[in-house]
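Colleague: Compute the structure for the input listed below.
(chains A and B)
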Protein chains: 2
Amino acid sequence: MIFLKDNVLLERDLTFEDIKPRLLGHWGTCPGLILVYSHLNYLISKHDLDMIFVVGPGHGAPAILASLWLEGSMERYYPQYSRNKQGLHNLISGFSTPGGLPSHINAETPGSIHEGGELGYALSVAYGAVMDKPNLIVACVVGDGEAESGPTATAWHACKYIDPKESGAVIPIVHVNGFKISERTIYGCMDDKEMVALFTGYGYQCRFVEDLEDIDADMGNSLEWALREINKIQQAARHEKPISKPRWPVIIMRTPKGWSGPKKVEGEFIEGSFRSHQVPLPKAKSDEAQLRDLQKWLKSYGADQLFAEDGSPTDNIKKIIPEKDEQKLGQNPVAHDPYKPLKLTDWQKYSAKKGSEMSCMKAVGEYLDQSLVDNPTSLRIFSPDELVSNKLDAVFRHTGRNFQWDEFSQFQGGRVIEILSEHCCQGFMQGYTLTGRVGIFPSYESFLGIIYTMMVQFAKFGKMAHEVPWRKDIGSLNYIETSTWTRQEHNGFSHQNPSFIGAVLNLKPTAARVYLPPDANTFLSTIAHCLRSRNYVNLMVGSKQPAPVFLSADEADAHCRAGAGVWKFASTDDGLNPDVVLVGIGAEITFEVLKAAELLRTLEPNLRVRVVNVTDLMILGTEGTHPHAMTKADFDALFTEDRAIHFNYHGYAHELKGLLFGRSNIDRATVECYREEGSTTTPFDMMLMNHVSRYHVAEYAIQGGARVNEKVKMDMGKSLAEVGHMVKKCREYILANGKGEFLPVASPSL
Amino acid sequence: MIFLKDNVLLERDLTFEDIKPRLLGHWGTCPGLILVYSHLNYLISKHDLDMIFVVGPGHGAPAILASLWLEGSMERYYPQYSRNKQGLHNLISGFSTPGGLPSHINAETPGSIHEGGELGYALSVAYGAVMDKPNLIVACVVGDGEAESGPTATAWHACKYIDPKESGAVIPIVHVNGFKISERTIYGCMDDKEMVALFTGYGYQCRFVEDLEDIDADMGNSLEWALREINKIQQAARHEKPISKPRWPVIIMRTPKGWSGPKKVEGEFIEGSFRSHQVPLPKAKSDEAQLRDLQKWLKSYGADQLFAEDGSPTDNIKKIIPEKDEQKLGQNPVAHDPYKPLKLTDWQKYSAKKGSEMSCMKAVGEYLDQSLVDNPTSLRIFSPDELVSNKLDAVFRHTGRNFQWDEFSQFQGGRVIEILSEHCCQGFMQGYTLTGRVGIFPSYESFLGIIYTMMVQFAKFGKMAHEVPWRKDIGSLNYIETSTWTRQEHNGFSHQNPSFIGAVLNLKPTAARVYLPPDANTFLSTIAHCLRSRNYVNLMVGSKQPAPVFLSADEADAHCRAGAGVWKFASTDDGLNPDVVLVGIGAEITFEVLKAAELLRTLEPNLRVRVVNVTDLMILGTEGTHPHAMTKADFDALFTEDRAIHFNYHGYAHELKGLLFGRSNIDRATVECYREEGSTTTPFDMMLMNHVSRYHVAEYAIQGGARVNEKVKMDMGKSLAEVGHMVKKCREYILANGKGEFLPVASPSL
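Modeller: Numbering: from 1, shown residues only, chains lettered A, B, ... in the order given. This is a model prediction of the structure:
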């Protein structure tokens, strides 16, 4: 697949003409992957298993694609890759060519649930996939390169989050071939004793597959062993005699990198060296000796014994392949069409009374409590030990944390996983989601960026999956960000980072959804929508502190549907012809806008102020850039065509400005947002330091209003001086008194 | 520090008045940190050590601040915290109050080199700090919460990247107190055998500190043991008898969370439970019983025996503190004033001939080769096994990879660390940089986002350090991004992600620097500048493929100084009054702009085209937003005040639009960029699919020109149809022929 564009069954001697013009692909990992794949299929047939395969070394796509072709999974989804000579020709010649099969495993690869580009996540994805699927086994190959990554290094502990009664099992296979792209691997330098010690420490029992003389027996026996050990642990748990600290099996496969490929080229070792990582004969297109080496190498597999006259695999090969299509690794429906909608109760039952005070997270916790009860095997929460801190602990009323190790930590059936590894949380959620269930990942706002690139890889998988007709819908990834920078005045500067919004904004608009609900009812409406939605990356940003409920349940519903709206109760323009539009995006930030409007009624009673809240960030982009983007007409109706607008925004400035770019007459807009300011201080000081306080908003309003309205201009100087004075006094007051959390407007002491 | 605002020496019974209004801080980890700190100081005194302390559980700031006060390091840098009654009052009452001492360790904490907010990075930072400092020992506490994170889980292997001949040593102390915020920890559920197995597997030898009856003897003896083991390994290596697989020491400290604090409150266990994590007596301000418990607890330490009449620590305490200030953990100069500029050769010696072809990375590799030779103990490259792939392998001419484990992997003195963990690379670089040296992190563009939040934490540390007068300059963090999306057509969609630019843009403008040099000479000029710079986060994005050299060395120098400029050789406006300005930002993207200009000379000879290249992204933001931001006058001179502009940009659209927001008359600008398109295809197809190809640029130019110029308008329809046709034909051609890498303009076959 790396080399040939023709003569793929070697029916005649190879010529330069048979070689592709550009040699692309990764050989080194392939022999090991082929070995594993073949044995897995045999194992499935023999034991009637429900199994899928997660491949860490995703750049070994040729091995997987070849195996998929052999078992008929390619031809099922891609008729051009039929199991005959023409199909084989198409498979081999089309690999890694423009418009052809990609060189890394991705959503176009049948049976895959894991993007094969960025390394480190295979293991946690595999563990997430088996959760709540008691009969599923996920075989997972982890390369010794990938094993150096942090996310993999901690994911070995994931077996401690699997309850053998309710969940399936992972068979991890560590492929130690000793080399990365151009350097030895850490695992490759460790001897057997070190490996046994390490994996025993992680909580496994090891078995080495390393008998190069009879690798099939070694691998076959080892997989049988693994299956027996899994069965033992599961049966014990399922007959109410759970084993404490069960030692799950792990297979360490030591085979040479590029095994069975060229031994030496131009005096350098290839097999068993990093030089086999990609193309072992890079000059095959032009160098006669390399072409001969290639022919010798490819002939060594005895293609004439493996393929029938018509190019189809011989019965000898076919007989290790599971008979039932849905049991083949490339066709198990759990990877392609797994999704069932959740049973969701009416969120309005949990809504708070308009005018009361309610924490968004408290309200959401109540709703999630019921949702977990109603969906006992298809909804989970993954959190880095922050659920209580984030005030979502109502969920513990009917469930627990699913952590299984010593006798004090066996909360069977818990719907919550709390591990202080965002990478594990994300990997679990990906595996869980891609096998048809729904996950929620609540996090401190500042630390969700830890899994930024994982989320991007998932979204890329999702985009390609969308283009593949046999992949059906899946649930969305649901992120709740709370403990936001606005209230991290006490934990300080390190806990302030709203950048995940920008991360989601960079995704394809088909998947990207960002919500900043301003109160508990809008948050409830939002999460209910997100849990019902499909194929999105939903980011919900909200407050955990008790805060005013501005909208009734019905109003919240309408507001969320529209994505934004005029808040008439806070406006002074009677819905008509304002001098200035003040926009709040984000809970605390919107509160300051409301207070600014209140202040302006005293300070500049003639100024006609319209207050707008945006809860769906995506409405702002110019028409056509996002499915939610407002039409020009709607945008201008809401924000006016030519009045001054001030945006008080929760995130970073560039992203909001980027969204607004192209809206009519946008020079009239000013933007304030988080500007990376604020060590240990008070919540209100956070507003002051980042220029999003009520006083700053008022200042912008007066200046903005003045630009369009001569009557304001007359008084402007005095009013501006007053708000400037208030800012100054507030900072002094806070530093002297340490208060200011709920500063009243125009407090007498100021 | 968590509780008291007065009566800090308990000279009278506590009253509610003595209690702070808001109780903030983390108690649980503090007793362990105090224990370690005290023993380290004693160890330093006894053995005349050069040592610093990296504290993973950074929220244990009270323990560290108290220790710093005791040793006089607080009073040295903050006179208000003098070692007397008033100073103690200020320390205790000021902790975690607005404008006071933060609750997490940060740059304001004397002796620290690690932001104490986000968890996971202490260990790799510690290892980075000892590199090339043979006499330095870094004691590093890792909490059992932090230990669950991926970055920590893999950083245990970091001892394999320490050459005991040239570098110092880390004493890792794993603090297993069993609990996180509200859940048990993984390590806390592992017994001694599991822990020994795990750390033996990682390559260490373990010693447990757990004798609660005589913890001082246990800790003291264990630290002495660790020192002896380190000495043994270092002496062997330094006398040419290096030990293969040296077993570095690790200390496992098992002490109860919140040890010595309240045992039980309201019937719930506090000591030895997660409930001691933050404030163990949350109602001390209002509940009489809790106030009494607080007094009893604080009295139990016998303050009257620990402080003299004037509030200073007694001699008994002082005598374990190192006599020399620079040996105290809070005053070691390596943490505060470590930086020496690099010896850097003239980059122009490595410049390529104008008009030739040269890979940016090849040129940079040559320059770095010499730089590494010239700075044998103060410059290192940290890379996730991609140096060769990124074509920087010229550096291996005089050095090797520093990997130390079995007998085949001992490249003593190598200046390059290649571990397939971006987290380790980043942590090493941070530790290395903060102790005065300079690091370079080359990476595939798409995978640098893996360490996004680490970089942000570092930048936050840097911002605060800048506000602290006793912290002096440090080198910059230097990131080279190559193998960019423009040439990841073969690795595919998963390898395309230019988001790190946006990550740097969100930093404070004082630190954020982003460069996209268009050719080898501008890249050389840029890296030479970056290696000389201080306190920045430098991101350099460039090409590894051979590409045209547009500018001579002198021209490159001037271009980089200006940050942007008109490329007259490609323009048709004679520098005057253009109809349209075409802007390229990024190497391959700029090439397309040049080709578009060439095409337009045929297609629309009357159109006056100005070609601009931007190499320093920061010039674009509006005046005053960044030190490099162009004045309005300069901006308008370069981009004109009112002509159409088309930006062909390497990154994501939102960030560029965000930068441009506020520039005069910006409605006239159009932007194209990477739009998340492109699986396996050709480089030119990447341009087409993302609408940044020469044809797309030409189309924008014609449309833009038409808006300002009636003579173009007349022909517009025909020209537009022609370029549209070219796009279509190109895609067809590529899919049929798989070429298109260096498509000539208006190729006859099209």
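Colleague: Excluding residues flanking it in the chain, which one is nearest residue A:567?
Modeller: Among residues not flanking residue A:567 along the chain, residue A:611 sits closest, at 4.7 Å (Cβ to Cβ, 6 or more residues apart in numbering or on different chains). For glycine as for every other residue, the C-beta is placed from the backbone atoms N, C-alpha and C.
Colleague: give me the element the one you found is part of.
Modeller: Remark: residue A:611 resides in strand A:609-614, with elements defined by DSSP states H and E.
Colleague: Please identify the pairing partners of that strand and their relative orientation?
Modeller: Using DSSP bridges, strand A:609-614 pairs in its sheet with strand A:564-566 (antiparallel), strand A:580-585 (parallel).
Colleague: which strands and helices sit next to the next helix or strand after that strand?
Modeller: Next along the chain after strand A:609-614, taking DSSP H and E as the criterion, comes helix A:632-639. Under the contact criterion of 3 or more Cβ pairs under 8 Å, 6 or more residues apart in numbering or on different chains; DSSP states H and E, helix A:632-639 touches strand A:564-566.
Colleague: What parts of the stretch 651-750 of chain A come near chain B?
Modeller: A:652-662, A:666-667, A:671, A:676, A:679-682, A:685, A:734-735, A:738-740 (Cβ under 8 Å from any Cβ of the partner chain).
Colleague: Mark which of those residues are buried, thanks.
Modeller: By neighbour count, with 16 or more other Cβ atoms under 10 Å in any protein chain shown, these hold A:652-662, A:666, A:671, A:676, A:679-682, A:685, A:734-735, A:738, A:740 as buried.
Colleague: Take these and keep only those in strands.
Modeller: Within those, residues falling in strands by DSSP state E are residue A:671.
Colleague: what comes up buried for stretch A:367-385?
Modeller: By 16+ other Cβ under 10 Å, the buried positions in stretch A:367-385 come out as A:367-373, A:375, A:378-385.
Colleague: Just those residues: which are in helices?
Modeller: Among these, the members found in helices (DSSP state H) are A:367-373.
Colleague: which one's the longest helix in chain A?
Modeller: Counting residues, the longest helix found in chain A (DSSP H) is helix A:710-737.
Colleague: Skip the chain neighbours and tell me the closest residue to whichever residue of the stretch 401-550 of chain A sits closest to chain B.
Modeller: Proximity to chain B, evaluated over the stretch 401-550 of chain A using Cβ to the nearest Cβ, is greatest for residue A:494 at 2.3 Å. Leaving aside its chain neighbours, residue A:494 sits nearest to residue B:117 (2.3 Å; criterion: Cβ to Cβ, 6+ apart).
Colleague: residues contacting the residue lying closest to residue A:47 once chain neighbours are set aside?
Modeller: Nearest non-adjacent residue to residue A:47, counting by Cβ to Cβ, 6+ apart: residue A:227, 6.5 Å away. By Cβ atoms under 8 Å, 6 or more residues apart in numbering or on different chains, the residues touching residue A:227 are A:43, A:47, A:137, A:171.
Colleague: Output those in JSON lines, with secondary structure appended to each entry.
Modeller: Shown next, in JSON lines, are the contacts of residue A:227 (DSSP: H, G, I helix; E, B strand; the rest coil):
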{"residue": "A:43", "secondary structure": "helix"}
{"residue": "A:47", "secondary structure": "helix"}
{"residue": "A:137", "secondary structure": "strand"}
{"residue": "A:171", "secondary structure": "strand"}
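Colleague: And those residues, which is closest to chain B?
Modeller: Using Cβ to the nearest Cβ, residue A:171 is the member of the contacts of residue A:227 that lies nearest chain B, at 20.2 Å.
Colleague: Name the residues linked to the closest one by a beta bridge.
Modeller: Beta-bridge partners for residue A:171, by DSSP bridges, are residue A:139.
Colleague: Can you verify my assumption that it contacts residue A:138?
Modeller: Yes - Residue A:171 is within contact range of residue A:138, at 7.4 Å (criterion: Cβ atoms under 8 Å).
Colleague: ok, back up a step: near the residue of the stretch 401-550 of chain A closest to chain B, how many other residues are there?
Modeller: Look at residue A:494: counted by other Cβ atoms under 10 Å in any protein chain shown, it has 26 neighbours.
Colleague: Please apply the same query to residue A:388.
Modeller: Using other Cβ under 10 Å, residue A:388 is surrounded by 16 other residues.
Colleague: picking up where we left off before, can you put the ones in helices among the buried residues of stretch A:367-385 in a markdown table and add distance to chain B?
Modeller: As requested, these are exported to a markdown table (distance: Cβ to the nearest Cβ, whole Å):
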| residue | distance to chain B |
| --- | --- |
| A:367 | 21 |
| A:368 | 17 |
| A:369 | 17 |
| A:370 | 22 |
| A:371 | 21 |
| A:372 | 17 |
| A:373 | 21 |
